[in-house]
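Q: sequence first, then the predicted structure, then my questions.
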Amino acid sequence: MKTNSLGLPVEETQILVAELNILLANFQVYYQNLRGLHWNIRGKRFFDLHLKFEELYNDSQLKIDAIAERILTLGGTPLHTFEDYSKNKRIKVGKNISNDEEAIQLVTSSLTELLKIERVILKQSDEIDDEGTNSMMSDFITEQEKTIWMMKAWLEEEI
């Protein structure tokens, strides 16, 4: 088995890079959804949600950069065009959402999809002893599970 300079198997690492690019594309869509929610939210909960969506999109921007840099670290090239993002998206694009509950449901469903992708990556990175990617996915998953729980509590829904 051929390994790269990080000591990871080349073939499996390329597969992992492809999955990370799917995650990157979906995070970009999620980020843009959050920007739209931040701009368009209306109603009595405007002030709270406007700030929350800004907090979430700032966090997403950091995660996007971390994912792209991990792809580069593993020897890949991060996707970087809207065409690539659209082609690889699995999360719903939110358009003109101003209702608070609809906005929170979009955030929750988006995070649920991101978790699915992250769990695939976590399993793949674990199988090849890629602790860098593994650690990143574990951190993302822990944080996003908590956010989903909080959003579901806000919606008065069960997890």
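A: Sure, I can see it.

Q: so who does Ser98 touch?
A: Contacts for Ser98 (CB atoms under 8 Å, 6 or more residues apart in numbering) come out as Asn40, Ile41, Arg42, Gly43. Glycine gets a C-beta too; all of them are placed from N, C-alpha and C.

Q: same check on Thr108?
A: Ile148, Met151, Lys152, Leu155 are the contacts of Thr108 under CB under 8 Å, 6+ apart.

Q: and the longest helix for the chain?
A: helix 10-40 (DSSP state H).

Q: still on that earlier bit, out of the contacts of Thr108, who's the most crowded?
A: Met151 (21 neighbours; other CB atoms under 10 Å).

Q: please name the nearest non-neighbouring residue to that residue.
A: Excluding the flanking residues, the one nearest Met151 by CB to CB, 6 or more residues apart in numbering is Thr108, at 4.6 Å.

Q: surely the one you found is in a helix?
A: Yes. Residue state for Thr108 (DSSP: H, G, I helix; E, B strand; the rest coil) corresponds to a helix.

Q: what's the distance between it and Leu56?
A: 11 Å (CB to CB, to the nearest Å).

Q: flag the shaky bits of the chain, pLDDT-wise.
A: For the chain, applying pLDDT under 70 flags no range at all.

Q: could you redo the last one with a cut-off of 90?
A: 1, 159 (pLDDT under 90).

Q: go ahead and flag the most central residue of it.
A: Phe27 (3.9 Å; CA atoms, centre = their mean).

Q: that one contacts Ser60, doesn't it?
A: Yes. When contacts are counted by CB atoms under 8 Å, Phe27 is listed as touching Ser60 (6.0 Å).

Q: can you lay out the contacts of Ser98 as TSV showing distance to Asn4 and neighbour count?
A: Listed next are the contacts of Ser98 as TSV, based on distance: CB to CB, whole Å; neighbours: other CB atoms under 10 Å:
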residue	distance to Asn4	neighbour count
Asn40	44	16
Ile41	45	22
Arg42	50	13
Gly43	51	11
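
Q: nearest to Thr112 among those residues?
A: Nearest to Thr112 among the contacts of Ser98, counting by CB to CB, is Ile41 at 20.7 Å.
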